[in-house]
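Participant: Sequence plus predicted model, see below.
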Protein chains: 6
Amino acid sequence: MLFDLPLDRLREYRPERDEPADFDEFWTATLEEARALRTPPSFEPYDAGLATVEVFDVTFSGFGGHPIKAWLLLPRHIEGRLPCVVEYIGYNGGRGLPHEWLTWSAAGYAHLVMDTRGQGSGWLSGDTPDPDSDGSPQTPGFMTRGILDPRRYYYRRVFTDAVRAVETAREHPRVDPDRVVVAGISQGGGITLAAAALDRKVAAALCDVPFLCHYRRATEITDEMPYGEISQYCKIHRDHVDRVFDTLRYFDGVNFAARATAPALFSVALMDAICPPSTVFAAYNHYAGEKSIEVWRYNGHEGGAGFQRAVQIRFLAKLFGGEVSAG
Amino acid sequence: MLFDLPLDRLREYRPERDEPADFDEFWTATLEEARALRTPPSFEPYDAGLATVEVFDVTFSGFGGHPIKAWLLLPRHIEGRLPCVVEYIGYNGGRGLPHEWLTWSAAGYAHLVMDTRGQGSGWLSGDTPDPDSDGSPQTPGFMTRGILDPRRYYYRRVFTDAVRAVETAREHPRVDPDRVVVAGISQGGGITLAAAALDRKVAAALCDVPFLCHYRRATEITDEMPYGEISQYCKIHRDHVDRVFDTLRYFDGVNFAARATAPALFSVALMDAICPPSTVFAAYNHYAGEKSIEVWRYNGHEGGAGFQRAVQIRFLAKLFGGEVSAG
Amino acid sequence: MLFDLPLDRLREYRPERDEPADFDEFWTATLEEARALRTPPSFEPYDAGLATVEVFDVTFSGFGGHPIKAWLLLPRHIEGRLPCVVEYIGYNGGRGLPHEWLTWSAAGYAHLVMDTRGQGSGWLSGDTPDPDSDGSPQTPGFMTRGILDPRRYYYRRVFTDAVRAVETAREHPRVDPDRVVVAGISQGGGITLAAAALDRKVAAALCDVPFLCHYRRATEITDEMPYGEISQYCKIHRDHVDRVFDTLRYFDGVNFAARATAPALFSVALMDAICPPSTVFAAYNHYAGEKSIEVWRYNGHEGGAGFQRAVQIRFLAKLFGGEVSAG
Amino acid sequence: MLFDLPLDRLREYRPERDEPADFDEFWTATLEEARALRTPPSFEPYDAGLATVEVFDVTFSGFGGHPIKAWLLLPRHIEGRLPCVVEYIGYNGGRGLPHEWLTWSAAGYAHLVMDTRGQGSGWLSGDTPDPDSDGSPQTPGFMTRGILDPRRYYYRRVFTDAVRAVETAREHPRVDPDRVVVAGISQGGGITLAAAALDRKVAAALCDVPFLCHYRRATEITDEMPYGEISQYCKIHRDHVDRVFDTLRYFDGVNFAARATAPALFSVALMDAICPPSTVFAAYNHYAGEKSIEVWRYNGHEGGAGFQRAVQIRFLAKLFGGEVSAG
Amino acid sequence: MLFDLPLDRLREYRPERDEPADFDEFWTATLEEARALRTPPSFEPYDAGLATVEVFDVTFSGFGGHPIKAWLLLPRHIEGRLPCVVEYIGYNGGRGLPHEWLTWSAAGYAHLVMDTRGQGSGWLSGDTPDPDSDGSPQTPGFMTRGILDPRRYYYRRVFTDAVRAVETAREHPRVDPDRVVVAGISQGGGITLAAAALDRKVAAALCDVPFLCHYRRATEITDEMPYGEISQYCKIHRDHVDRVFDTLRYFDGVNFAARATAPALFSVALMDAICPPSTVFAAYNHYAGEKSIEVWRYNGHEGGAGFQRAVQIRFLAKLFGGEVSAG
Amino acid sequence: MLFDLPLDRLREYRPERDEPADFDEFWTATLEEARALRTPPSFEPYDAGLATVEVFDVTFSGFGGHPIKAWLLLPRHIEGRLPCVVEYIGYNGGRGLPHEWLTWSAAGYAHLVMDTRGQGSGWLSGDTPDPDSDGSPQTPGFMTRGILDPRRYYYRRVFTDAVRAVETAREHPRVDPDRVVVAGISQGGGITLAAAALDRKVAAALCDVPFLCHYRRATEITDEMPYGEISQYCKIHRDHVDRVFDTLRYFDGVNFAARATAPALFSVALMDAICPPSTVFAAYNHYAGEKSIEVWRYNGHEGGAGFQRAVQIRFLAKLFGGEVSAG
């Protein structure tokens, strides 16, 4: 069933942005700080038993110079510099095992899958700690880790890692640095928006049913996790509700969307109670680059799934001149 | 939590088989009938936008000569006849899209994914009708379609399709007919047991958390679907309980296991309430070929997932002399 | 709680009808086809152990000439031709046993209870197969059986059976052919609308909390089954959403209501999340005959239950001159 | 799924009875007290719009001389004194409307349906107050009304009403006083056991999935309501657990069963979590009269439903020489 | 999530009151009747093992002269006449044990905690019967006890007890009769409104997330218990819906609020589905005295909990000149 | 319902302890390390508006020298050195507000309530960070924070804080250092066992429905949180199951119980699915000091609640010569 606005109103839904004055300074300083602590990435060959894919176990320095894990998958039999998809993962998943990420290398791309620090105990397992948490009381989960201070908030670290992942991909000799695409589903979609806004040289953004957008409305129209973690925190820390939303203004996908300029392909599901369609359209309608959106009418948070993947394969093939799928 | 027998008792759990006297005749006649209606398979090239995988849209004749759909995926850059994994799908899924099945071709195998007739509206979509149903009243789902008569029972048609899928794979010029492996998870695992018993030339069987085993016990220790469909049917058709279980004797994975001789790798999850571990061990302990089993101690029906896939990749690589993963 | 429109807006809710141009041709041809395959009904005496009710096990030819089962109950001690109630059954129920249908014979009517083909494994058991299914992948249940083609859609067969049931009742020597009433609850109510539209000689229609009306809105305001089966199908078969609703236009109670002219007594429950009140009023407000509606303010899908039955007994007694309840 | 003992152990399950020394005195005094307050019953004709059934709105004096409502239904066209079924109702139901009770009159019996005092707001509506409650704190529901004192316990009043209902039936001129049968499902089955023990002249007892048996075990193996009301009370009134079970000894169907001598037909459902099969067999195995039991293997608390009704119709027809169903 | 009106509309939500003409006469007569049956209260010292609190087990005469239990807690080491908080308890709780009510005596107040007749089996245990029930069929719970007649309705007795509790507190030598405050959460808040309206000399009212307000709307926007008990009753007693709401007009907190004049501190929670915010604001906006309201934005029915208690401690300290917290 | 062993077997349930050889060394070193980083506690007066209780906002140095928050409550009007209850809090609660902890000061004791680091977003709010986490991927919650290494495991820090809380209490001039009692419910009960084992000078232990005992069995017989967090972790981190349980051996309440010697009062609830009774009895039966246990037969994890508090007040009064409750 539908529970949010009807589609015609969603297409026009473009709420006022709630943005702190120092939004850009905040992020510029944050990224500079991370780059100052940068160490060179390592790309270790990894035997995943795959005949057609070359796999590297990647470690690069993210926020605070912390080591962040990733997989890099390359189609073994395709020569030359490849366009690369940098992929961010959905909430509480980790990078898992390489053979769980075979789509993009099969489609002819380099594919870097970034582990999300601290996550990876909910579905795919993760390997990257989040060592810089201040350990403040938080709701179980990651949404409220350090939420009383933008500088300590969890996603400050994650979004920084995400930009560094793009930079890391560009450093690999098999990757064409001008054709790095950012992509992700749900939390991965929210991170994609941040990365596309913070690294304006990305070639495209694939943003599916994005999470981390329009937090206030999200908490007011759904109880589903993980937005519900914010509500749960506010329920107990009744004296900190305003501080919570002050912090979240620095991390709102709507504000990132308004700064991103790469061509973007979004998707949204009209029956998605986890990432309600109005929060997705709020970001989409503010998105500053060329854009299109696939609307899945009878889907929940699973969105278009394999159907959307097929649309994306065609979208990138067209963007990059179609030479890829020629194999 | 555990809800079935403890592991040490599971390892010894080998209940009496409940087998009709004409079990083998039934299946011999069934397969002969299908082969008599056989038409040649078609392998249509399919553009899935994949650079490293060659995809064919397969149609072969199954039970009753009905057209059954499948995907055949071949690693595009590997030469010669390939070992082939014939995969059967979990309950209520269909063959979906080719890029949703990339593991085995990436690992260097030909990979034939058989659509399950009538299914494919629960998770991945399906394309194959089940035209021969007699339409008798049934519980929603497939478990009780035609259940009052072994000759009309749904899985008679599916298991026949499964054998025909193996035969179809062998007909493709890129497939090495002596190295066809059958594989599947859950319902796919149950079909795997049937196929391994009914086609004794298969090279191996990969059988994960198999469904369709030891029906009576299953309905007595779990309410979960899809075994629960049988219970639901018996709940309403109170006068047909005995007929139901008389039919199911022809379709019990335990009885198939006792006839299969290919080397087999099973998996089981100790907290699996959908395919309870005792029903899996009942089949495993009766399995007539060389066998081993991975035990996932804290998993439900998801079982070993990617971890199990990694074990299987190594298992087949070893079985076939390891030449595959060399790429 | 209320979840649909408030009552004053419901009373005026009369949405545009969405009707294919060939709606009437479709149904005329369908019925002609069925009548061409007609075979004579059989009325076998059945010993149900009932002292005051004469019971017949009925078989008549429905869609495709298929044998459809029914019960006919006659008050044993009342002489002469009787008015007859032809009753259609709620979703997933079957005709069960004769002593489960005692109301209308006790009230002095002949009572023909039509089995719903394929159904009867959810609450009362059924005895009638649906042999003409094409077996296409469907969501568990009946709502999406053959849904991609109006000619193969399940309810084409059921609605045809329903008209044939009325014709069958008229053939029995104890039934007064001018006083045949159609009646049903939920799915039975939806079938009633179809029967009243397709057989304009029925004497009255009793239509309780009808299902099968205004499908699009239903799937948009409720997740409850069985409308939810359509949503579930569209969720997986993302590429067929438009075809689904194109088919359903031929089977919408709203369109049937606009063609029915017999006096009708409806009922609706304002807290009914299974058959939402706006979908019921959509049909009611389009109903072309004399009509009235009982509104049950604090009820869900159970509606008025025994209270509604009492209203109906009085309604028919008045309609038929009251001679019945005189006993 | 099964959750209680396996069937072979159930058939032998005959736990020690826990009976107060003054059990019989308690009930003898209770009944004498009620009879001392007896007033003559009234049988008011009631127009239910039924052609074949004569209906009376009955008021008789129960416990404390309180007016208890009932329906009496007689087959209108059958002459002479009739055997009579006195029926007790399931938990939280009331006598509803006459046309909701048509089975036994259709089968040729007089049928007296006793309202259960205070109940009748859960499914069918009731019309009889329970004026003698002392109003002590109780868990919502009826199981703990007055539970700290056997003389104030709710079921002392109900069981007394039940005996008085039998006596009332015998007073009607159309009822054969030697052929009064007691019957009921669930709570009605529990009351049936009490009535059969307290009025040794009843001709038979039909006792389906009886409630109110073996309370201690019931509360230890199920959380389902209504046994769960006792657990809930004990959970809060932690200091009264022993008093609760001291009271319940006077009201245990196991103790009544050991005193009942009429021929009895029981039913039990092996998957019944509301009235677990071991509590039913505890009563059945202690039952002192001739007895048989229908075992429904795949049913929950709905038990045999219409199937069981058919068995009962045959059982009584045989018991009473079969002249009834001759019509 | 929010499910009721947005905050700005809540602040203005002041629906028409639905009040019977004899509302005031009804309550005047009711209280006079109770006072006519008044007997002197008893204050029995009770050893709760508490060093700083003097505890009395109180019995006073309530409605019908019935004995009502309460605890009186006095700070042991504070001299002189004390302001007193009379507290009413939430639904289905009882007075429990004295050490479960330590806040107000610790804050320097006398504290009288009134047991709610018949309740006390849901969380804290109760000790007070409700002997005057007429025993009419009711939904489990208390909301529909005697609901067909205002004179027999359960809350007529409870609200009368509540006024008598205030009068009882004033009789104790340690209590300052001019500084008696009424207070309660949920049901306790609803009773507080009644007491503040019926005893105009109370010094203040502390009314948290009050229940028992604006019944019709409550039943239309939430299914949660205990408002849901009314809906459940209406669902079964379909013929009595109007009578139910006619009775409730005498017991609506909105109508009491319009008559209360003591300074009041309310609280409301915007995500409270048990006592929806519009029902609370309906009472608050009609409240006739000086008033303020704490709005808890991310809370459900737990409301402000300890945070609200802190606000109340400061509110009363300020109201009474702050001499209290000086200790 | 009961789901664990019956009471007679629980009373004898004393499983083998699974203890690492260096258990004592581990803890000795851990405590020494913390004490080496010790800084003096601060006791800041806090105005909670309470007339009879003096409140201090306490900060003391715990594990790693981290600042840990606590409340100290003293009965304002009682002279001299007081026995002190050091209380640990249940899972995911924090120290909240002082007026939420009034029992023990009212009973005449000093009362120190220790905040649990990182917790306090589930029910009462917390104020203490857990800064030393290594940030490894963990299941949401605290059970698996650092679980792959005993030295990094979360409860190593918490148990150390707990010992330091006892030492802090002893430093306050109003506390009698020889009469410090440790106490807690659920997680608080588990921490109590650790504190009683690690500080052998505590005067008594009050241990209610303790959590953190017999982890392996707990995860095998219940899915409830928070033990379920361990299962969830093992479900995803399939390769680390053994390491998880190796770590937990250092933190098992069973192993602590075997080292504790202070007189102890336990409680257990037989229907507690969160802390199953066999895990409680495993600790109780190994407890090395004088001990008794209250068994709550019909309770879940809420256990004896206020009833248990009353037992504890008497227990301590007796232990300390009864001079306290004299007031």
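Facilitator: Arrived safely, thanks for sending. Numbering: from 1, shown residues only, chains lettered A, B, ... in the order given.
Participant: which residues in chain A form helices?
Facilitator: For chain A, the helices defined by DSSP state H cover A:7-10, A:23-36, A:103-106, A:154-171, A:187-198, A:215-221, A:227-236, A:241-248, A:253-257, A:277-286, A:305-319.
Participant: I'd like the ones you listed as TSV, with mean pLDDT and mean neighbour count appended.
Facilitator: C-beta: built from backbone N, CA, C; applies to glycine. Putting the helices of chain A into TSV (pLDDT from 0 to 100; neighbours: other CB atoms under 10 Å in any protein chain shown) gives the following:
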stretch	mean pLDDT	mean neighbour count
helix A:7-10	98	14
helix A:23-36	98	15
helix A:103-106	98	26
helix A:154-171	98	25
helix A:187-198	98	29
helix A:215-221	98	21
helix A:227-236	97	24
helix A:241-248	98	18
helix A:253-257	98	28
helix A:277-286	98	25
helix A:305-319	98	19
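Participant: these two touch, right, residue A:193 and residue A:210?
Facilitator: Yes - in terms of CB atoms under 8 Å, residue A:193 counts as a neighbour of residue A:210; the distance is 6.1 Å.
Participant: Now for those two: what residues contact both?
Facilitator: Common contacts of residue A:193 and residue A:210 (CB atoms under 8 Å, 6 or more residues apart in numbering or on different chains): A:253, A:283.
Participant: quick one: furthest residue from the center of chain A?
Facilitator: residue A:239 (30.7 Å; CA atoms, centre = their mean).
Participant: Now do the contacts for the residue nearest to that residue when sequence neighbours are not counted.
Facilitator: Of all residues not flanking residue A:239 in the chain, residue E:307 sits nearest, at 7.1 Å (CB to CB, 6 or more residues apart in numbering or on different chains). By CB under 8 Å, 6+ apart, the contact list for residue E:307 reads A:238-239, E:296, F:97.
Participant: Let's see the PyMOL selection covering just the buried ones among these.
Facilitator: This is the PyMOL syntax for the buried subset of those, where burial follows 16 or more other CB atoms under 10 Å in any protein chain shown:
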select buried, (chain A and resi 238) or (chain E and resi 296) or (chain F and resi 97)
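Participant: hmm, back to that, so which of the helices of chain A comes closest to residue C:217?
Facilitator: Distance to residue C:217, taken as CB to CB, is lowest for helix A:7-10 among the helices of chain A, at 14.1 Å.
Participant: Could you give the separation of that closest one from the chain centroid?
Facilitator: On the basis of CA atoms, centre = their mean, to the nearest Å, helix A:7-10 sits 25 Å off its chain's mean C-alpha point.
Participant: Stretch A:227-236 too?
Facilitator: On CA atoms, centre = their mean, the centre of stretch A:227-236 falls 22 Å from that of its chain.
Participant: List of residues touching it?
Facilitator: Outside of stretch A:227-236, the residues within contact range by CB under 8 Å, 6+ apart are A:138-144, A:147, A:211, A:215, A:218-219, A:222-223, A:240-241, A:244, A:248, A:274-275, E:1, E:271, E:297-300, E:302, F:120-125.
Participant: switch the cut-off to 7 Å
Facilitator: A:139, A:141, A:143-144, A:147, A:215, A:218-219, A:223, A:241, A:244, E:298-299, F:121-123, F:125 (CB atoms under 7 Å, 6 or more residues apart in numbering or on different chains).
Participant: which among these end up buried?
Facilitator: Burial by neighbour count, 16+ other CB under 10 Å: within the contacts of stretch A:227-236 this picks out A:139, A:141, A:143-144, A:147, A:215, A:218-219, A:241, A:244, E:298-299, F:121-123, F:125.
Participant: Give me the contacts around stretch A:143-163.
Facilitator: Stretch A:143-163 is contacted from outside by A:26, A:30-31, A:34, A:62-63, A:68, A:88, A:114, A:116-117, A:130, A:132-134, A:136, A:138, A:142, A:191, A:194-195, A:198-199, A:212, A:226, A:229-230, A:233, A:240, A:243-244, A:247, A:250-251, F:121, using CB under 7 Å, 6+ apart.
Participant: Pull up the distance across that stretch, start to finish.
Facilitator: Distance across stretch A:143-163, first residue to last, is 20 Å (CA to CA, to the nearest Å).
Participant: Just give me how far it sits from the chain centre.
Facilitator: The answer for stretch A:143-163 is 13 Å, by CA atoms, centre = their mean.
Participant: how close does the residue nearest to residue A:239 sit to residue F:47?
Facilitator: With distances defined as CB to CB, to the nearest Å, the gap from residue E:307 to residue F:47 amounts to 16 Å.
Participant: just residue A:196 next, same as before
Facilitator: From residue A:196 across to residue F:47, the span is 51 Å (CB to CB).
Participant: What of residue A:156?
Facilitator: 36 Å.
Participant: go on, residue A:104?
Facilitator: Here the criterion is CB to CB. By it, residue A:104 lies 61 Å from residue F:47.
Participant: and residue A:282, what does it touch?
Facilitator: A:13-15, A:213-214, A:254.
Participant: With residue A:206 instead?
Facilitator: For residue A:206, the contact set (CB under 7 Å, 6+ apart) comprises A:181, A:183, A:192, A:265, A:312.
Participant: Please report how far the last one lies from residue C:238.
Facilitator: For residue A:312, the distance to residue C:238 (CB to CB) stands at 15 Å.
Participant: Likewise for the third one?
Facilitator: For residue A:192, the distance to residue C:238 under the criterion CB to CB works out to 22 Å.
Participant: The first one too?
Facilitator: In this structure, residue A:181 lies at 23 Å from residue C:238, with CB to CB as the measure.
Participant: What's the local residue count around the spatially closest residue to residue A:132 that is not a sequence neighbour?
Facilitator: The spatial neighbour of residue A:132 that comes closest, neighbours along the chain excluded (CB to CB, 6+ apart), is residue A:64 at 5.1 Å. Other residues near residue A:64 number 15, with proximity taken as other CB atoms under 10 Å in any protein chain shown.
Participant: Is residue A:64 in contact with residue A:133, as I believe?
Facilitator: No - contact criterion CB atoms under 7 Å: residue A:64 and residue A:133 do not qualify, at 10.8 Å.
Participant: Show me what from the stretch 201-327 of chain A comes close to chain D.
Facilitator: Applying the criterion CB under 7 Å from any CB of the partner chain, no portion of the stretch 201-327 of chain A neighbours chain D.
Participant: Now the stretch 201-327 of chain A against chain D: closest residue?
Facilitator: The nearest approach of the stretch 201-327 of chain A to chain D comes at residue A:223, 25.9 Å away (CB to the nearest CB).
Participant: For the stretch 1-150 of chain A, just list every one of the strands.
Facilitator: Under the criterion DSSP state E, counting those that start in this stretch, the stretch 1-150 of chain A carries strands at the ranges A:42-45, A:53-61, A:67-75, A:82-88, A:110-114.
Participant: Looking at the ones you listed, which is nearest to chain F?
Facilitator: It's strand A:67-75; of the strands of the stretch 1-150 of chain A, that one is closest to chain F (CB to the nearest CB) at 10.3 Å.
Participant: In chain A, which residue is most central in space?
Facilitator: Nearest residue to the geometric centre of chain A (CA atoms, centre = their mean): residue A:191, 2.5 Å.
Participant: I figured it hits residue A:183, correct?
Facilitator: No - counting by CB under 7 Å, residue A:191 does not reach residue A:183; the two are 9.7 Å apart.
Participant: and residue A:133, backbone torsions?
Facilitator: Torsion angles at residue A:133 (phi, psi; degrees, to the nearest 10) stand at phi -60, psi 140.
Participant: Contact partners for it?
Facilitator: A:145-146, F:133, F:135.
Participant: Report the lowest-confidence entry in those.
Facilitator: By pLDDT, residue F:133 ranks lowest within these, coming in at 85.
Participant: burial of the closest residue to chain E within the stretch 1-150 of chain A, as a residue count?
Facilitator: Nearest to chain E in the stretch 1-150 of chain A, going by CB to the nearest CB, is residue A:3, at a distance of 9.8 Å. Neighbour count for residue A:3, taken as other CB under 10 Å: 16.
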